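Student: output the structure for:
(2 chains)
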Amino acid sequence: AQSVTQLGSHVSVSEGALVLLRCNYSSSVPPYLFWYVQYPNQGLQLLLKYTTGATLVKGINGFEAEFKKSETSFHLTKPSAHMSDAAEYFCAVSGGFAGGTSYGKLTFGQGTILTVHP
Amino acid sequence: ETGVTQSPTHLIKTRGQQVTLRCSSQSGHNTVSWYQQALGQGPQFIFQYYREEENGRGNFPPRFSGLQFPNYSSELNVNALELDDSALYLCASSFQGADTQYFGPGTRLTVL
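Tutor: Residues are numbered from 1 along each chain as shown, chains lettered A, B, ... in the order given. This is a model prediction of the structure:
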């Protein structure tokens, strides 16, 4: 079984400030971890992913995340927020190749709405 | 390269009716997954189709059913609609064995 907890349903930052969105996961198999962004009335766009290898992963639009197995975390960061970053962000986990018949099934967190103030 | 497309964009139905939502996979992708996203929540996995067969299902009742066609496009059918079925329905395509799913823009279903 897998689950995702996103700490903070709303995060507000000033333009230029650090963005930190928190994600903790639970997985009975080695996890594949993802961050997706959703703009209003749109689908989900992949920001970045961790599958194996380097634990610090870089994504689009200056975002990065670090997989910390000991803390079961995959927090998303961006050094300097931009107005265009305002959106809802979802952390997700899958079991990857170990997922069996549920291979590819993504389990999502509840989402974090990021607001960026000028 | 064509991305994932879904139709219709919006749909309004009444309780008890049936609905069919459609999804066209991204070019080259042979696997389709469907998710339900209720307002204010994260998407929830409904089921996945590969080689025209269901390949994994989430915690949804049998009145949620699907099809995948030889061209890898897919349909989601929901019978006996309930008010709680109101949600954004997302389709995602991938290549079986790949680790990333690509999402369409979704179909917003409202049940009155």
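
Student: got phi/psi on B:Asp85?
Tutor: B:Asp85 has phi and psi values of phi -80, psi -10 when expressed as degrees, to the nearest 10.

Student: strands along the chain, start to end?
Tutor: In the absence of a named chain, this looks at chain A. Along chain A, the segments classed as strands by DSSP state E run A:2-7, A:10-14, A:19-27, A:32-38, A:44-50, A:56-58, A:64-68, A:73-78, A:87-94, A:107-108, A:112-117.

Student: other chain: chain B
Tutor: Using DSSP E, strands in chain B cover B:5-7, B:10-13, B:19-24, B:31-37, B:44-50, B:53-57, B:64-68, B:74-78, B:87-94, B:102-103, B:107-111.

Student: ok so, going back, let me have the strands of chain A in a markdown table, extended by mean pLDDT, distance to B:Ser94 and mean neighbour count.
Tutor: In short, each C-beta sits where N, CA and C put it, glycine included. Formatted as a markdown table, the strands of chain A follow (pLDDT from 0 to 100; distance: least, CB to CB, whole Å; neighbours: other CB atoms under 10 Å in any protein chain shown):
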| stretch | mean pLDDT | distance to B:Ser94 | mean neighbour count |
| --- | --- | --- | --- |
| strand A:2-7 | 94 | 18 | 17 |
| strand A:10-14 | 97 | 29 | 14 |
| strand A:19-27 | 96 | 19 | 19 |
| strand A:32-38 | 95 | 12 | 24 |
| strand A:44-50 | 94 | 11 | 20 |
| strand A:56-58 | 97 | 19 | 13 |
| strand A:64-68 | 96 | 20 | 18 |
| strand A:73-78 | 98 | 20 | 20 |
| strand A:87-94 | 95 | 10 | 24 |
| strand A:107-108 | 94 | 16 | 22 |
| strand A:112-117 | 97 | 25 | 17 |
